[in-house]
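*Asks:* Fold the following.
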Amino acid sequence: MKDEVNASSKAAAADFDRPLLLTPGQDMAGYLTAVAGKALLLAITCASVLAVILIFVFIIKEAWPFIVSGGLGKFLGGTGWYPEANPAEFGALALLAGSLYVTAGALIIAVPIGLLAAVFLSDIVSFRIRQFIKPVIELLAAVPSVAYGFFAILVLAPWMQKNLGLPTGANAFNASIILAVMAIPTIISIAEDALSAAGRDLREGSYALGATRAETLVKVVIPAAHSGIIAAVILGMMRAIGETMVVWMASGNAAQIPSPWWDITKSVRTLTATIAGDMGETAKGSDHYHSLFALGLMLLVITFALNLLSEFFLSRAKRRRGGVK
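*Replies:* Next up is the predicted model:
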């Protein structure tokens, strides 16, 4: 038996081609290779950070002439967006409201559906079926946004106009439905991961205390995974608020705040649609040009804040998963 162990050890040592005792040259080569690898990885990481900083710098640089021109108060508080008028009006409040309308409408639809689907995948359906359904749901995120936009304007808008009696089918409600479909895969994927990470022992402990499956899900599993669920909702919000093509094609592009405020069947215009629609026809260096970069800066600040918020909740979820408070 001892001979067999020695033979297997010698065979394993023979398969290991790296010498146990390195020469000074080999030791230096290994050290330089490790340093070069770390330097390369550091350069790649710093390049990503530098790219984000340069994007901020470029947008602030192009928006700065408009910011210092004295029209910032009307820009943030004005509701009229008439860049070709004389005098021109650059009121971003209606555009910001349009973005918030379609995003809020999308979340109202997507969050309940996404959360229920995530619970279904994590705790109700079998593992084999989950392995089939989840990738199919995530494929929705691979559909081009322009395809969603064509569906919204050619199918959903005429249906709304005919069956709901609306004056136009291109409105905030139409855009909200399509944005909800686009945000659902993100919410389902991240929320399902958070629910699955809650652990089997937590569920079994709840069952051992006499709780039903519904009570375990509502009172134990979902509260334990709330940080990941909140992060999923925030990332879904970012998916909706940053979308361009769908809202450009389906929202109606009317720069107005709906009256009454709760009427989402009115046409609206969003920040992203305004930038995409106006930038190609705007003279470089004009007030209109710099105002579009001001809109971009506003959108960038909103999405950056949402990204930091989602990272905060994701880090909390990882700490809870690792048992660190």
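
*Asks:* okay, how far is it across stretch 249-262, tip to tip?
*Replies:* 22 Å (Cα to Cα, to the nearest Å).

*Asks:* Pull out the buried positions in that stretch.
*Replies:* Neighbour counts over stretch 249-262 (16 or more other Cβ atoms under 10 Å) mark 249-256, 258 as buried. All C-beta atoms are positioned from the backbone trio N, CA, C, and that covers glycine.

*Asks:* contacts for that stretch?
*Replies:* 79-81, 91, 93-95, 97-98, 101-102, 146, 149-150, 152-153, 156-157, 168, 170-172, 174-175, 178, 264, 266-270, 273-274, 277 (Cβ atoms under 8 Å, 6 or more residues apart in numbering).

*Asks:* how about a markdown table for the buried residues of stretch 249-262, with distance to residue 35 added?
*Replies:* Formatted as a markdown table, these follow (distance: Cβ to Cβ, whole Å):
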| residue | distance to residue 35 |
| --- | --- |
| 249 | 52 |
| 250 | 54 |
| 251 | 53 |
| 252 | 58 |
| 253 | 55 |
| 254 | 59 |
| 255 | 56 |
| 256 | 60 |
| 258 | 60 |
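
*Asks:* In strands, which of those appear?
*Replies:* With strands taken from DSSP state E, there is no overlap with the buried residues of stretch 249-262.

*Asks:* of those, closest to residue 66?
*Replies:* residue 255 (17.4 Å; Cβ to Cβ).

*Asks:* Look up the closest residue to the closest one, ignoring the ones flanking it.
*Replies:* What sits nearest to residue 255 in space, not counting adjacent residues and going by Cβ to Cβ, 6 or more residues apart in numbering, is residue 81, at 4.1 Å.

*Asks:* same check, this time on residue 156
*Replies:* Nearest one to residue 156, counting by Cβ to Cβ, 6+ apart, is residue 174 at 5.5 Å.

*Asks:* Tell me which residues touch the one you found, please.
*Replies:* Counted by Cβ under 8 Å, 6+ apart, residue 174 has contacts 152, 156-157, 160, 250-251.

*Asks:* Quick check: it vs residue 164, distance?
*Replies:* Per Cβ to Cβ, to the nearest Å, residue 174 is found 10 Å from residue 164.

*Asks:* And for residue 51?
*Replies:* 45 Å.

*Asks:* before we move on, what about residue 42?
*Replies:* Residue 42 is 57 Å from residue 164, by Cβ to Cβ.

*Asks:* Over to residue 194?
*Replies:* 36 Å.

*Asks:* Between those two, which has more neighbouring residues?
*Replies:* Taking other Cβ atoms under 10 Å, residue 194 and residue 164 do not tie; residue 194 has more neighbours (28 against 10).

*Asks:* Cross-check the contact I'm expecting between that one and residue 230.
*Replies:* No: the pair residue 194 and residue 230 does not pass the contact test of Cβ atoms under 8 Å, sitting 9.1 Å apart.

*Asks:* Between the two ends of stretch 264-282, how far is it?
*Replies:* 30 Å.

*Asks:* Low-confidence stretches in this protein?
*Replies:* 1-22, 317-318, 320-325 (pLDDT under 70).

*Asks:* and it, what are its domains?
*Replies:* 24-68, 73-321 (automatic domain parsing).

*Asks:* Show me which of those domains has the highest average neighbour count.
*Replies:* Most buried of these by mean neighbour count (mean count of other Cβ atoms under 10 Å) is domain 73-321; its value is a mean of 18.

*Asks:* chain center to that one: distance?
*Replies:* 8 Å (Cα atoms, centre = their mean, to the nearest Å).

*Asks:* Could you measure from residue 302 over to residue 187?
*Replies:* 19 Å.

*Asks:* Repeat that for residue 78.
*Replies:* Distance, residue 78 to residue 187, by Cβ to Cβ: 34 Å.

*Asks:* before we move on, back to that, kindly present the contacts of residue 174 as TSV, with separate columns for distance to residue 234.
*Replies:* Below are the contacts of residue 174 laid out as TSV (distance: Cβ to Cβ, whole Å):
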residue	distance to residue 234
152	24
156	26
157	29
160	29
250	23
251	22
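
*Asks:* And these, which is closest to residue 214?
*Replies:* residue 156 (34.6 Å).

*Asks:* Quick one: residues contacting that closest one.
*Replies:* 169, 174, 177-178, 250.

*Asks:* picking up where we left off before, for residue 183, state which of the buried residues of stretch 249-262 is nearest.
*Replies:* residue 250 (14.6 Å).

*Asks:* Next one: that closest one from residue 160, what distance?
*Replies:* Counting by Cβ to Cβ, the gap from residue 250 to residue 160 is 10 Å.

*Asks:* Many thanks, we can stop here.
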